[in-house]
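**Q** could you look at this predicted model? Sequence included:
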Amino acid sequence: MSTIRPRLTPAMADVRRAVREMLADIFPDARESSEESAHSLPAAQDFAPVGAPLLLVALSGGADSLALASALAFEAPRAGLRAGAVIVNHNLQAGSAAVADRAAEQAHSLGLDPVLIRTVEVLPASGPEADARSARYAALAAARDDSGAAAVLLGHTLDDQAETVLLGLTRGAGPTSLAGMSPVSGFYLRPLLGIRRSATESACADQGLEPWNDPHNVDPTYTRVRIRHTVMPVLEKELGPGIAEALVRTAEHLREDAATLDSLANDLMQGLIMPGAGPEVALDANALADAPRAIYTRVIRAVALAAFGVSLTSAHTAAISLLVTNWHGQGAAHVPGIRVERQGFRLVFVPTESE
């Protein structure tokens, strides 16, 4: 591995700055510890204390994740943190193991350690994209648990965020989905949501890093690919430049509103929970009905997720909402894993496996 550092270019600086700012926000104490421990070392700029928090970058070998991996390798030691990588082999294409091995070699060459490869089985359930995503996130979570990492960094860019918002619009999604991806979601960090894909590609080229071009990223059978290569260029041509940035600003505004509504819903939920028998959860339905729709639907979804681990669709939520706002003696609403019924002024959630 060459010890010659590439000349800093604007694209490299932008990607590094995005990583540096997020690390400073999330791990402020690590930098102080590193400075105290390494101030007298001649190579202090590359020093991360033993036992410092470990960060893993989810590395596919593509330009976005490769630029992120390089930036993390550079910035993490300066922030008093250790940096490694996790590579998920979905095993969906011929030669996928070789692609994973090549990404691992690139990670090692950047100085990342540990470098983990996880091979997964993508089981058919909701569709190819969703199934691969579920398998990938399960593997990332397992790698984080196994390594004791404090966080996993994902290479989603501003373009990915814009595509996500546009996908939500085409599906008639609610404001929570239109809010897009959060920069911080549990132990997942997305420092590049303000960085264009063109910048990550330039950052790789400027450092002599050769990204892998996933054939799936140009396969028009995938909706996101059609949005990326057909819809977005048409919007830019017909409506003018800046469409991606406008979609991302919309997501930011919706995310702020959603956070406020979620907080109000959580406060209301705490006051509505009533004593129940066994695993059931009961809410005061009359008090719930007095809340605005944006609040009571959030309470319904929050109860299902927190108490039963079930993510309700809009159709499921609407079916349960009828028991709150338009109850005239009808029977229970059945959603995956839960039966919800009205018992007088009580809205009762019961896990179906207990029946």
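**A** Alright, I've got the coordinates. Residues are numbered from 1 along each chain as shown.
**Q** tell me which helix or strand the nearest residue to Phe345 once chain neighbours are set aside sits in.
**A** Closest residue to Phe345 apart from its sequence neighbours, by C-beta to C-beta, 6 or more residues apart in numbering: Asn286 at 4.9 Å. The way it works is simple: take the backbone N, C-alpha and C, and place the C-beta from them, glycine included. Here Asn286 sits within helix 285-289, counting by DSSP states H and E.
**Q** with Leu268 instead?
**A** Secondary structure from DSSP H and E places Leu268 in helix 243-272.
**Q** pull up the gap between Asp64 and Glu236, please.
**A** 20 Å (C-beta to C-beta, to the nearest Å).
**Q** what's the answer for Ala302, then?
**A** From Ala302 across to Glu236, the span is 38 Å (C-beta to C-beta).
**Q** can you pull the buried residues of stretch 202-215?
**A** Ser202, Ala203, Cys204, Ala205, Asp206, Gln207, Leu209, Pro211, Trp212 (16 or more other C-beta atoms under 10 Å).
**Q** follow-up on the earlier one: the more surrounded of Ala302 and Glu236?
**A** Set Ala302 next to Glu236 and count neighbours by other C-beta atoms under 10 Å: Ala302 wins out with 16 against 13.
**Q** so what touches the particular helix or strand that has Arg102 in it?
**A** Applying DSSP H and E as the criterion places Arg102 in helix 96-109. Residues from elsewhere that reach helix 96-109 (C-beta atoms under 8 Å, 6 or more residues apart in numbering): 1, 57, 59-61, 66, 69, 84-85, 87-91, 93, 115, 117, 119, 209, 212.
**Q** repeat that for stretch 192-202.
**A** With C-beta under 8 Å, 6+ apart as the criterion, stretch 192-202 contacts 9-11, 14-15, 18-19, 63-64, 66-68, 155-161, 181, 183, 211, 244, 248.
**Q** need the pLDDT of Ala318.
**A** Ala318 carries a pLDDT value of 94.
**Q** how much space separates it from Ala58?
**A** According to C-beta to C-beta, Ala318 and Ala58 sit 35 Å apart.
**Q** same drill for the two, tell me which one is more crowded.
**A** Each of Ala318 and Ala58 has its neighbours counted (other C-beta under 10 Å); Ala58 has more, 23 against 13.
**Q** nearest residue to Ala79 other than its sequence neighbours?
**A** In space, and not counting its chain neighbours, Ala79 is closest to Leu23: 4.4 Å by C-beta to C-beta, 6+ apart.
**Q** correct me if wrong: that neighbour contacts Gly80.
**A** No - under the contact definition of C-beta atoms under 8 Å, Leu23 does not touch Gly80, with a separation of 9.1 Å.
**Q** counting by contacts, list what the very next helix or strand once past the helix holding Leu268 packs against.
**A** Per DSSP H and E, the first helix or strand lying C-terminal to helix 243-272 is strand 273-274. Applying 3 or more C-beta pairs under 8 Å, 6 or more residues apart in numbering; DSSP states H and E, we find strand 273-274 packed against strand 281-284.
**Q** could I get the pLDDT score of Ala48?
**A** 61.
**Q** check which residues of the helix or strand harbouring Leu68 are buried.
**A** Here Leu68 sits within helix 63-78, counting by DSSP H and E. Of the residues in helix 63-78, 63-78 count as buried by neighbour count, 16+ other C-beta under 10 Å.
**Q** burial of Phe308, as a residue count?
**A** Residues lying near Phe308 (other C-beta under 10 Å) number 20.
**Q** show me how far the strand ranked longest in the chain is from its chain's centre.
**A** For the chain, the strand with the greatest residue count under DSSP state E is strand 82-89. Taking C-alpha atoms, centre = their mean, to the nearest Å, the mean C-alpha location of strand 82-89 is offset from the chain mean by 16 Å.
**Q** ok, now which ones touch Ala173?
**A** Ser314.
**Q** okay but Ala150 is in contact with Phe27, surely?
**A** Yes - counting by C-beta under 8 Å, Phe27 is a contact partner of Ala150 at 7.5 Å.
**Q** next SSE downstream of the worst-scoring helix or strand of the chain on mean pLDDT?
**A** None of the helices or strands of the chain scores lower by mean pLDDT, DSSP states H and E than helix 28-38, at a mean of 62. The helix or strand immediately downstream of helix 28-38 is strand 54-58, counting by DSSP H and E.
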